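Engineer: Task: produce atomic coordinates for the following.
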Amino acid sequence: MLSYSSEYSIPIYAFLLSLPLAFIYYRHFYRPSVDQPVNHRSSDDKPLKTIMQAPRDDLAPPKDDPFTLEQLKQYDGSDPAKPIYVAIKGTVFDVSHKFDVYGLGKSYNIFAGKDGSKGLGMSSLKPEDAIADYSGLDESDTKVLDDWHGFFSKRYNIVGKVIDLPAAVANL
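Structural biologist: Model prediction:
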């Protein structure tokens, strides 16, 4: 029988009691890949909600209109008459239909109107990280950045290319 006098018993019991909660969280919220649609079903056979949008099959053919980093700043969500653009690795995406995410004052507006590749790769929302030069990213962060590029490519129209990326990443 277990003794309650051990100084380790409370942390051990707390850990054991937390396991069912961790399992429930894992079963309901874990997604192995952002590119896989959620196929989880609730007990009444209705699909569970996800915050990740599914890939779209109605995207326009990609454009390669040239943008400088300075020109891209016009599309930061501050002018409601203009679309919102986000560039990743020099590819410019129109994210206007997700104003609730990229619009002025919204959670990911830090990436609007710029190429914020480094910040996306680092999973950082710091303004100093939302820059185009991602050459210093390690292998793991570069993989994250590539995953974001793939995610955006399947969900947002490509409207152009950044033509004045920093030299360190211009040919990557």
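
Engineer: For this structure, just list every one of the strands.
Structural biologist: 65-67, 85-88, 91-94, 157-162 (DSSP state E).

Engineer: Quick check: neighbours of the third one in the sheet, parallel or antiparallel?
Structural biologist: The one in question is strand 91-94. Sheet pairing for strand 91-94, assigned by DSSP bridges, gives strand 85-88 (antiparallel), strand 157-162 (antiparallel).

Engineer: tell me the most buried of the strands of the chain?
Structural biologist: Highest mean neighbour count among the strands of the chain (mean count of other CB atoms under 10 Å): strand 85-88, with a mean of 28. Glycine gets a C-beta too; all of them are placed from N, C-alpha and C.

Engineer: Can I get that strand in CSV? Just the C-alpha atoms.
Structural biologist: Taking C-alpha atoms only, strand 85-88 is exported to CSV below (Å, rounded to 0.1, in the frame of the first residue of the first chain):
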residue,chain,number,x,y,z
TYR,A,85,-0.9,40.4,-48.9
VAL,A,86,1.5,38.2,-47.1
ALA,A,87,4.8,37.1,-48.7
ILE,A,88,6.6,33.9,-47.8
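
Engineer: that older thread, what's the closest of the strands paired with strand 91-94 to residue 55?
Structural biologist: Smallest distance to residue 55 across those (CB to CB): 13.0 Å, for strand 157-162.

Engineer: Show the contacting residues for residue 133.
Structural biologist: For residue 133, the contact set (CB atoms under 8 Å, 6 or more residues apart in numbering) comprises 117-118, 165-166, 168-169.

Engineer: List only buried entries from those.
Structural biologist: 117-118, 165, 169 (16 or more other CB atoms under 10 Å).
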